[in-house]
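Visitor: Quick one, structure for this:
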Amino acid sequence: MSADYIVRGMAANKQLRVFAVTSKNLVERAREIHQTSPVATAALGRLLTAGSMMGCMMKGDKDILTLQIQCGGPIGGLTVTADHQARVKGYVKEPNVILPPNAQGKLDVSGALGPGFLNVIRDIGMKEPYNGQTHLVSGEIAEDLTYYYATSEQIPSSVGLGVLMDRDNHVKQAGGFIIQVMPFAEETVIDRLEGSLQKVRSVTDLLDQGMTPEELLQHLLGELDLEISDRLETEYYCNCSKERVSRAIASIGRKDLEEMIADQEPIEVNCQFCGSHYIFETEDLREMLK
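Guide: This is a model prediction of the structure:
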């Protein structure tokens, strides 16, 4: 199975900043972990795909990006986090949500999300993380991120994301692109880009034709002189461990720990991102109290 990867580059003489990714394996991994329904797989897969590209835009080794959707629809909400190496993880509140297809016969991601908000949180080691929030404009996730970039960061962007399922409800294709317009871009470049993007019906159609991330960008940018600067692998990766979980338990405070010890029952903690189970016996809790 070939590895998922992202390509980054510039186009139109550095007037456009561009990213594209193939994310089929990491979205399928998320589906396996969370046992998501097709519409939940599509929603979480799109957000994970966006997270991988947005993660690799961060500069610092310890920077963490969190994409959070709080919504009123039956899916209940989604969370994805990414690091600057484009390693992502995520979960959805209601993984088993089932909805009929939308008017186009596609998975109804917008219906699953309903009205809500998108939060983009960047923890870059400052006292307070940077937090930008916008309301969901369509619930299709790509349009919501396009709107977020325009309003919260004042960066005109085009975001395309797609997840295609096969007949067995496994992930057949997943990927996407982000194209950002630099402040000094000429009107002619913007017009040509808009004209080209209007011809694109769906990212998954292009991936299903066998296009690589490089070919996807070439197709989208046409004559706008694409220059690829680098390529990096992306994967579904959870960094939880017993030690990290025990630090989290120890931080809840002395009184609560004493109550848990008094109960004489082991406690079980499950990781929301990867489903790992961690058991702490009474003796472990006593160690934390010290």
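
Visitor: Count the residues that sit near the spatially closest residue to His84 that is not a sequence neighbour.
Guide: What sits nearest to His84 in space, not counting adjacent residues and going by Cβ to Cβ, 6 or more residues apart in numbering, is Met58, at 4.3 Å. For the C-beta atoms, the positions are set from N, CA and C on the backbone; glycine is no exception. With neighbours defined by other Cβ atoms under 10 Å, the count for Met58 comes to 19.

Visitor: Thought Leu65 was touching Met58, still the case?
Guide: Yes. The pair formed by Met58 and Leu65 meets the contact definition of Cβ atoms under 8 Å, at 6.1 Å.

Visitor: pLDDT on stretch 23-31, on average?
Guide: For stretch 23-31, the mean per-residue pLDDT is 98.

Visitor: now swap in stretch 128-141 and tell me
Guide: Confidence for stretch 128-141, expressed as mean pLDDT, is 94.

Visitor: First-to-last residue distance for that stretch?
Guide: The first residue of stretch 128-141 is 26 Å away from its last residue (Cα to Cα, to the nearest Å).

Visitor: Could you measure from Val159 over to Pro100?
Guide: When Cβ to Cβ, to the nearest Å is applied, the distance between Val159 and Pro100 equals 26 Å.

Visitor: Leu44 contacts Gly90, correct?
Guide: Yes. Assessed by Cβ under 8 Å, Leu44 is found in contact with Gly90 at 5.7 Å.

Visitor: Find residues that contact each of these two.
Guide: Counting by Cβ atoms under 8 Å, 6 or more residues apart in numbering, the residues touching both Leu44 and Gly90 are Ala30, Leu78, Val80.

Visitor: In three-state terms, label the nearest residue to Gly55 once chain neighbours are set aside for me.
Guide: Across the structure, with Cβ to Cβ, 6+ apart as the measure, the residue nearest Gly55 apart from its sequence neighbours is Ala82 (2.9 Å). Remark: Ala82 carries the secondary structure label strand [criterion: DSSP: H, G, I helix; E, B strand; the rest coil].
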